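pasting a predicted model and its sequence here:
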Amino acid sequence: ARRRRTGALPPPRGCSLVRGVSRAPSMTTSVHITFDDEAVPTYVKGAPSPAAAAAEGASKKNPPSESSADADAIAAKIAAADASASRREKDGKHDKKKSNADGGGRDDDAKEKEDAADDKKDAKLSPLERCEKRIRHAKRATRSELSVSGGEWQKNGYYLDASVLSTANLGDDVPRISAREVSKQEFIERFEKPRLPCIITEAMDGWRANETWTIDALKEKFGSHRFKVGSDDDGYAVRLKFSHIHHYLTDETHAKDDSPLYIFDGSFGDKEGSMPLLDDYAVPEYFAEDLFQHVGEKRRPPYRWVVIGPPRSGSSVHVDPLATSAWNALISGHKRWCLFPPTPGLEKAHLKPKGIGLDGESVTWFNKMYPRTRGAAWRDAGRPPPMDAVQRPGEIMYVPDGWWHAVLNLDHTVAVTQNVVTTSRFAKAWRMTKRGRPKMSAKWLEKLRLRRPGLGA
């Protein structure tokens, strides 16, 4: 990977200058928180397509002729085309998800050109009117089921309910360790190998991001750069200029949104406009090893994100993909975490059941589903109780692979997060990658055999 270190600070103690993780801008807004019935044809592997089967049936009823031979040839071409399309779809869907969902590739470039054309078209509008128009478009694109003008973004009135952000009755279940006191090997033995989460302190000391990633400073430096605030119904990235995001984050009307727009940008380190953010932080020493780096920046799965959000934004319950572990470094604000250990029988259907009004939003999950995980029925079913934690500024949350987790921003937050694969967790990550990303896994194995022969044997 290219290195851009123009005047970068030396790494703080407990950190190494490994490129691949970045830090998000910090918010200065002060918010009081109480921390308290037609059949569908089925293609079977090895079986002819419907067209080929029909042609075969016709040849049995009628003697071969020039026309039937033509039909056989056409059917064979159709079958071959079907198989080829299926292979292309299977091999290409991951690349599309990566480029489109993270905002890379030609589709995103085309979208930026469209946005620039829209700016010219709206030249007669005032800057504020253009800003509000872009925000409305982003809202429609990210949550098309909600009416922007009809007030559906604020229909639950969560901004009026202090209990939504209250942490008064939460436990403090995740242990804290100091990067100055716990060595890397001790971290591996105590947390990485047994797959136990922890909160790491004193690993972000000296990061330039701690001073420069305020929303005002970010607006000044990156105001014209577009950051991802969600995905549309087709999986394409929805982006807003940071100057528009700044308005959204500081405007009283938008502050009433139940589940606000949320910067979760995975391509900031690949775009010239936002690449300087990479110089403002250093990867903590605990996470310097990242085996996916060997497959190359362009081929590897998305792995680093800058994350900026207002109160009630966040991530609903999920497990990180391909058996990766994650670290999340918080520059400013407070995050509420809920984690569930890997447990046989604990599945998505239990944590995101249908019929209780979940909409995929973090605030809704915490409001409707979290209380159920504390109830008797949950315990009687043999399911694990959640682990609760509130992450504070300057702390890093470590989430091992396989852990279900949900995150809710309690105030304006700025963070950077990265997914990694380390030696101790390689075996599982390899199995998951081979099954889920076969094309990439072949290239990964090839590189590992050269650079880490012990793993790629």
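On my side now, so go ahead.

mind checking the SS state of Ala326?
When the structure is reduced to helix, strand and coil (DSSP: H, G, I helix; E, B strand; the rest coil), Ala326 reads as strand.

counting neighbours, what do you get for it?
The criterion is other Cβ atoms under 10 Å. On that basis, Ala326 has 20 neighbouring residues. In short, each C-beta sits where N, CA and C put it, glycine included.

my read: it touches Asp320, true?
Yes: here Ala326 lies in contact with Asp320, judged by Cβ atoms under 8 Å, at a distance of 5.3 Å.

could you measure from Leu146 over to Pro384?
From Leu146 over to Pro384 the distance is 34 Å, taken as Cβ to Cβ, to the nearest Å.

please apply the same query to Thr142.
Thr142 sits at a distance of 32 Å from Pro384 (criterion: Cβ to Cβ).

quick one: which of those two has more around it?
In this comparison of Thr142 against Pro384, neighbours counted by other Cβ under 10 Å, the higher total goes to Thr142 at 19 against 15.

now for the more buried one: which residues touch it?
Under the criterion of Cβ atoms under 8 Å, 6 or more residues apart in numbering, the neighbours of Thr142 are Val229, Gly230, Ser231, Asp232, Val238, Leu261.

of these, just the buried ones, PyMOL syntax please.
The following PyMOL selection, which keeps only the buried ones among the contacts of Thr142, applies the criterion 16 or more other Cβ atoms under 10 Å:
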select buried, resi 229+230+231+238+261
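
show me which pair in the contacts of Thr142 is furthest apart.
Asp232 and Leu261 (13.0 Å; Cβ to Cβ).

report how many residues lie close to the closest residue to Pro284 other than its chain neighbours.
If the residues on either side of it in the chain are set aside, Pro284 comes closest to Ala203, at 4.4 Å by Cβ to Cβ, 6 or more residues apart in numbering. Other residues near Ala203 number 27, with proximity taken as other Cβ under 10 Å.

any idea which helix or strand in this protein has the lowest mean pLDDT?
Among the helices and strands of the chain, helix 50-61 carries the lowest confidence by mean pLDDT, DSSP states H and E, at a mean of 41.

distance of Met440 from Ser424?
Counting by Cβ to Cβ, the gap between Met440 and Ser424 amounts to 21 Å.

what about the two, which has more around it?
Summary of the neighbour comparison: Met440 and Ser424, criterion other Cβ under 10 Å, with Met440 having more neighbours (22 against 15).

correct me, but the more buried one touches His294?
No: Met440 is not in contact with His294 according to Cβ under 8 Å; the separation is 11.4 Å.

what are the ranges of the helices in the chain?
Assigned by DSSP state H, the helices in the chain fall at 50-61, 66-101, 105-121, 127-142, 184-187, 209-212, 215-222, 242-250, 348-351, 362-368, 370-373, 376-380, 426-436, 438-451.

hmm, back to that, shared neighbours, Ala326 and Asp320?
When contacts are counted by Cβ under 8 Å, 6+ apart, Ala326 and Asp320 have Val399, Asn419 as shared neighbours.

residue ranges with poor pLDDT in the protein?
For the chain, the stretches with pLDDT under 70 are 1-112, 456-457.

and the residue nearest the centre of it?
Among the residues of the chain, the smallest C-alpha distance to the mean C-alpha position (Cα atoms, centre = their mean) belongs to Phe264, namely 6.7 Å.

can you pull the contacts of that one?
Lys228, Val229, Gly230, Trp305, Val307, Ser315.

got those residues as a markdown table, with distance to Lys155 columns?
Output for those, formatted as a markdown table (distance: Cβ to Cβ, whole Å):
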| residue | distance to Lys155 |
| --- | --- |
| Lys228 | 25 |
| Val229 | 20 |
| Gly230 | 18 |
| Trp305 | 29 |
| Val307 | 26 |
| Ser315 | 21 |
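
ok, of the residues you listed, which one's closest to Ser178?
So of the contacts of Phe264, ranked by how close each gets to Ser178 (Cβ to Cβ), first place is Val307, at 23.7 Å.

that closest one pairs with what?
Counting by DSSP bridges, Val307 forms beta bridges with Phe264, Ala415.

tell me who's in contact with it.
With contacts taken as Cβ under 8 Å, 6+ apart, Val307 has the following neighbours: Ala24, Tyr262, Ile263, Phe264, Asp265, Asn328, Thr413, Val414, Ala415, Val416, Thr417.

which phi and psi does Ala179 have?
Backbone dihedrals for Ala179, given as degrees, to the nearest 10, come out at phi -70, psi -20.

test my guess that it contacts Cys198.
No: between Ala179 and Cys198 no contact is recorded; they are 10.8 Å apart, counting by Cβ under 8 Å.

how close does the residue lying closest to Ser313 once chain neighbours are set aside sit to Leu408?
In space, and not counting its chain neighbours, Ser313 is closest to Tyr262: 3.9 Å by Cβ to Cβ, 6+ apart. Separation of Tyr262 from Leu408 (Cβ to Cβ) stands at 11 Å.

overlap in contacts of these two?
Between them, Tyr262 and Leu408 have Ser313, Gly314 as joint contacts when contacts are counted by Cβ under 8 Å, 6+ apart.

the more surrounded of these two?
For Tyr262 and Leu408, the more surrounded residue by other Cβ under 10 Å is Leu408, and the numbers stand at 29 against 22.

hey, what's that one bridged with?
Applying DSSP bridges to Leu408 yields these beta-bridge partners: Gly314, Arg336.
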